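> task: produce atomic coordinates for the following.
(one chain, ligands or ions: 1)
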Amino acid sequence: MSWKILAEQSIVDGKQTLTEDDIRSMVGAPSLAEEAEAEKRASRNECVCGVINCSDEYAHTTSGY
Ligand SMILES: [Zn+2]
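Residues are numbered from 1 along each chain as shown. Just a heads-up that it's a prediction; the model follows:
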C-alpha cells in the first residue's frame, strides 16, 4: 500500500491538504517514523519487547507484550 500516493490525491488547488503521515494515522497504519523504527529493530533481530533474539518473539509480535 502506498500511502504517499493517497496523500498526493489530497492535493487541492496545488496544495497538499494531507501528509503521508496524516493518511497513515487516519487508517491506523504506523507512521513513517514508527515504520523506520520497526525496520531498524527487524534488522537487529530485535523483538517488539526490546530483546534481541527474543525466544517469545512470535507471541510478542502477534499478540503484543
Ligand atoms: Zn519479545
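
> for the residue of the chain most remote from its centre, give me its contacts.
In the chain, the greatest distance from the average C-alpha position (Cα atoms, centre = their mean) is reached by D13, at 29.0 Å. Taking Cβ atoms under 8 Å, 6 or more residues apart in numbering as the criterion, D13 is in contact with no other residue. Bear in mind the C-beta positions are built from the backbone N, C-alpha and C, glycine included.

> interface residues of this structure facing the ion?
Those residues of the chain that sit near the ion, judged by Cβ under 5 Å from the ion, are C47, C49, V51, C54, D56, H60.

> now E8. Nearest residue, chain neighbours left out?
Using Cβ to Cβ, 6 or more residues apart in numbering and skipping residues adjacent in sequence, the residue nearest E8 is Q16, 7.0 Å away.

> would you state the helices of this protein in chain order?
Residue ranges of the helices in the chain, as given by DSSP state H, are 3-8, 20-27, 32-43, 57-63.

> can you redo these as a markdown table with mean neighbour count and mean pLDDT?
As requested, these are arranged in a markdown table below (neighbours: other Cβ atoms under 10 Å; pLDDT from 0 to 100):
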| stretch | mean neighbour count | mean pLDDT |
| --- | --- | --- |
| helix 3-8 | 15 | 91 |
| helix 20-27 | 16 | 94 |
| helix 32-43 | 12 | 92 |
| helix 57-63 | 12 | 88 |
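
> R44 contacts I52, correct?
Yes - at 6.2 Å, R44 counts as touching I52 under the criterion of Cβ atoms under 8 Å.
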